[in-house]
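*Asks:* My questions concern the predicted model and sequence given below.
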Amino acid sequence: MSLLELRHVSKAYNEKVLALDDVNLKVEKGEWLAVMGPSGSGKSTLMNIIGCMDSATSGEVILDGEVLTDATPEELTRYRRDKIGIVFQQFHMIPYLTAVENIMVAQYYHSMPDRNEAMAALERVGLADRASHLPSQLSGGEQQRVCIARALINYPVLILADEPTGNLDEQNQKLVMKIFHELHDEGHTILTVTHSAEVGDEAQRCVIIEHGHMRERTA
Ligand code: ADP
Ligand code: ADP
């Protein structure tokens, strides 16, 4: 069984906007897939549905054996916390908490905060010496690495990354991509969503989304 499967998934926001139109997709455990598409193609809609933040209008989404399309809002929240690690383009760190505390907040929503484990996660992304810095005291690349540590802290089955290098300069982009490559090598399943062919090329496989339609990328 695939780790993630979408069967005939559509999402209509209203009678006029069909953001996803009969999308079929399989992601195997350990795979790194990039979904590439221009602005307005349906990428965020897809992320929100896979990330248990929104539901499809029709079709089936199955994540790690759970049918998301049958789930109650409470179940979706639990799946999001238990199964998904999300890395956002805009970081979304809490500004008045330190790097390590931002990670501990994610632990709190899952089980019990554990400072040692949060510190180990920071060490994993090479930022142990930034643990007590506030987000405003970190560079963009450092903030994104804290966000990757935060995404990993609850052992997700799937890492979702939405334009993870969209706000970074070239050097930090490379650093963050290197971490994704390491995570992939360690066996993590990763789905990156991007408008950039350069970022899409980093992944093991790339699919294209256009006007809500998905197709394999032909080189
Ligand atoms: P992308 O992330 O690729 O830019 P989106 O998934 O955000 O694409 O949007 C896909 C389509 O759905 C666009 O036409 C967008 O205008 C529309 N859309 C997105 N969110 C909403 C919403 N909440 N209500 C109505 N239309 C929406
Ligand atoms: P970049 O050029 O990569 O954006 P910055 O110039 O923002 O990096 O920061 C360089 C280093 O200084 C970073 O490692 C960051 O952690 C540290 N730093 C930046 N601002 C502060 C601050 N207000 N307090 C403490 N450390 C800071």
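*Replies:* It's in. Numbering: from 1, shown residues only. Ligands and ions are numbered 1, 2, ... in the order given.
*Asks:* Going by C-alpha atoms from here, please, whenever you check contacts or count neighbours.
*Replies:* OK.
*Asks:* looking at this structure, which helix or strand is least sure?
*Replies:* Ranking every helix and strand in the chain by mean pLDDT, DSSP states H and E puts helix 197-202 at the bottom, with a mean of 92.
*Asks:* CA atoms only for that helix, dumped as CSV, please.
*Replies:* What follows is helix 197-202, C-alpha atoms only, in CSV (Å, rounded to 0.1, in the frame of the first residue of the first chain):
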residue,chain,number,x,y,z
ALA,A,197,11.9,24.0,-11.7
GLU,A,198,15.3,24.2,-9.9
VAL,A,199,13.7,23.2,-6.5
GLY,A,200,11.5,20.6,-8.3
ASP,A,201,14.6,19.0,-9.9
GLU,A,202,16.1,18.3,-6.5
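*Asks:* Helix or strand next in line after the biggest helix by length in the chain, which one?
*Replies:* Of all segments of type helix in the chain, defined using DSSP state H, the longest is helix 170-185. Going down the chain from helix 170-185, the next helix or strand is strand 190-194, by DSSP states H and E.
*Asks:* who does the least confident helix or strand of the chain touch, helix- and strand-wise?
*Replies:* With contacts taken as 3 or more C-alpha pairs under 8 Å, 6 or more residues apart in numbering; DSSP states H and E, helix 197-202 sits against strand 32-36, strand 190-194.
*Asks:* next structured bit after the first one?
*Replies:* Meaning strand 32-36. Note on strand 32-36: by DSSP H and E, the next helix or strand toward the C-terminus is helix 43-50.
*Asks:* still on that earlier bit, mind listing what's buried in the least confident helix or strand of the chain?
*Replies:* Residues Val199, Gly200, Glu202 are the ones in helix 197-202 that count as buried (16 or more other C-alpha atoms under 10 Å).
*Asks:* which residues touch that helix?
*Replies:* Residues from elsewhere that reach helix 197-202 (C-alpha atoms under 8 Å, 6 or more residues apart in numbering): Ala34, Val35, Met36, Met177, Thr192, Val193, Thr194, Cys206.
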